[in-house]
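>>> got a predicted structure plus its sequence, pasted below:
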Amino acid sequence: MQPILVLFVALAVFCENAFGVNFPTDILKCKKGDTDCIVKSANKVLQSYGAEGARAINLLPLDPLLIPRIYIKQGAESPVNVELIYTNNTLNGIKNCEFFGIKGFDENIEGNYEIRAKGPIVSLLGPYSINGKILVLPIQGEGQSNITIMNPEMLVKFNGKKIEKNGKIYMKPDNTRLTFTTTRIYMRLENLYNGDKVLGESTNTFLNENWNEVFPEIRKSVFDALSQIVESYMTNVFTKIPYNELFAEGK
C-alpha cells in the first residue's frame with residue numbers, strides 16, 4: 001500500500017473513532033424502550049433514505065433491494081418438486097412499506113427484537129430458471145420473472161448480541177428470521193418451454209390460479225434467503241453506530 005494511501009486510511013479510522021458517527025440530523029433520536037417514538041423514527045429513515053441509503057450510518061439503498069440468489073430445491077415428496085433459482089433479482093416497493101410495531105431496543109442489548117412492517121405491493125423482478133413439476137404440471141424454463149406480493153405483512157425477529165470495539169459497545173443482530181403473510185401472489189415466468197407461448201400462457205395461468213398451494217411449499221427457502229439479506233443490512237448499521245448513540249441522551 002502506498003504511503004499516502006496508508007495516511008488516508010489511518011486518518012479515516014482516527015476520525016471515526018475520535019468523533020463518532022455523523023447521525024443524520026433530520027432523524028429523531030428516541031429514548032431506549034420508547035417504542036412509539038422508535039416506530040416513528042424508523043419510518044422517517046425509510047421514507048428519507050430507503051431509495052438512496054445513508055452513508056453516514058452505513059445504510060445501503062433498500063429500494064430496489066438486490067437479492068443475489070434464491071435457491072429452491074424440493075424433493076419428490078413435495079407437490080412442488082422443482083429446482084428453482086432466482087439470480088440477481090431486485091425486490092421493489094420497500095420504500096412504500098410502513099413500520100407498525102417494534103420490540104426491543106431498550107436497556108438490555110442482548111434481548112429479543114421484533115420489527116413489523118406492511119405495505120401495499122412488493123415485487124421480485126429478475127432472471128430465473130426452473131425445472132421439475134408443480135402439482136401435476138411438468139415445468140421448465142429460463143428467462144425473466146415477476147413475482148408480485150400483495151399486501152405483505154412482514155415480521156423480522158432476531159437476537160441482539162453485545163460486541164465491543166475500541167472501547168464502545170455495539171449491538172450485532174443474530175439468528176435473524178424474516179417471515180411474511182400476503183393476501184395474494186401473482187407470478188409471471190417468461191420463456192417457459194423454450195418460448196412456447198401456448199404452453200407458457202397456460203402454465204402461468206395455472207400458477208396464478210393455484211398460488212396458495214404453490215407458495216407454502218417454497219416459502220421456507222424464500223424466507224431463508226431474505227433473512228440473510230435483512231441481517232446483513234442491519235449488521236451494517238448497528239455495528240457502525242455504538243448502541244448508546246442510537247438513542248437520545250445516551251439512555
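That came through, no problem.
>>> burial of the nearest residue to L135 once chain neighbours are set aside, as a residue count?
In space, and not counting its chain neighbours, L135 is closest to P79: 5.4 Å by Cβ to Cβ, 6 or more residues apart in numbering. Every C-beta, even on glycine, is put in place using the N, C-alpha and C of the backbone. By the criterion of other Cβ atoms under 10 Å, P79 has 14 neighbours.
>>> P216 is in contact with P79, correct?
No. Contact criterion Cβ atoms under 8 Å: P79 and P216 do not qualify, at 9.4 Å.
>>> residues contacting the residue nearest to L135?
Listed by Cβ atoms under 8 Å, 6 or more residues apart in numbering, the contact set of P79 reads 134-135, 213, 217.
>>> of those, buried ones?
Those of these that meet the buried threshold are 134, 217, by 16 or more other Cβ atoms under 10 Å.
>>> got the contacts of P79 as TSV, with secondary structure columns?
Listed next are these as TSV, based on DSSP: H, G, I helix; E, B strand; the rest coil:
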residue	secondary structure
I134	strand
L135	coil
E213	helix
E217	helix
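>>> closest one to R188 out of the contacts of P79, please.
Of all the contacts of P79, R188 sits closest to I134, with 14.6 Å by Cβ to Cβ.
>>> re earlier: show the pLDDT at the residue nearest to L135.
According to the prediction, P79 has pLDDT 91.
>>> now swap in C15 and tell me
Turning to C15, the model gives it a pLDDT of 36.
>>> kindly report the same for G111.
So G111 comes in at 92 (pLDDT).
>>> now do the SS call for R188.
R188 ends up strand, using three-state DSSP.
>>> surely it and N146 touch.
Yes. Look at R188 against N146 with Cβ under 8 Å: they come within range, at 4.3 Å.
>>> and K162, what does it touch?
If you count contacts by Cβ under 8 Å, 6+ apart, K162 has them with 109-110, 169-172, 243.
>>> got a pLDDT number for it?
pLDDT, K162: 97.
>>> need phi/psi at A51.
Reported as degrees, to the nearest 10, the phi and psi values for A51 are phi -80, psi -40.
>>> now do it against E231, distance only.
Taking Cβ to Cβ, to the nearest Å as the measure, A51 falls 21 Å from E231.
>>> likewise I57?
For I57, the distance to E231 - Cβ to Cβ - is 17 Å.
>>> my guess is E153 meets T179, correct?
No. In this structure E153 lies outside contact range of T179 using Cβ under 8 Å: 9.4 Å.
>>> considering the contacts of K162, which is situated nearest to N236?
K172 (10.8 Å).
>>> the residue nearest to the closest one when sequence neighbours are not counted: how many residues sit nearby?
Distances taken as Cβ to Cβ, 6+ apart place K161 nearest to K172, at 4.6 Å, with adjacent residues excluded. The criterion is other Cβ under 10 Å. On that basis, K161 has 14 neighbouring residues.
>>> same check on P64?
That count, for P64 with other Cβ under 10 Å as the rule, works out to 18.
>>> the one 5 residues further on too?
Per other Cβ under 10 Å, the neighbour tally for R69 reads 11.
>>> the one 3 residues further on too?
Burial of I72, expressed as a neighbour count using other Cβ under 10 Å, amounts to 20.
>>> same thing with G101?
For G101, the count of nearby residues is 12 (other Cβ under 10 Å).
>>> which residues does the closest residue in space to it that isn't next to it in sequence contact?
Counting by Cβ to Cβ, 6+ apart, G101 lies nearest to R116, which is 3.7 Å off, once chain neighbours are set aside. By Cβ under 8 Å, 6+ apart, the contact set of R116 is 99-102, 153-156.
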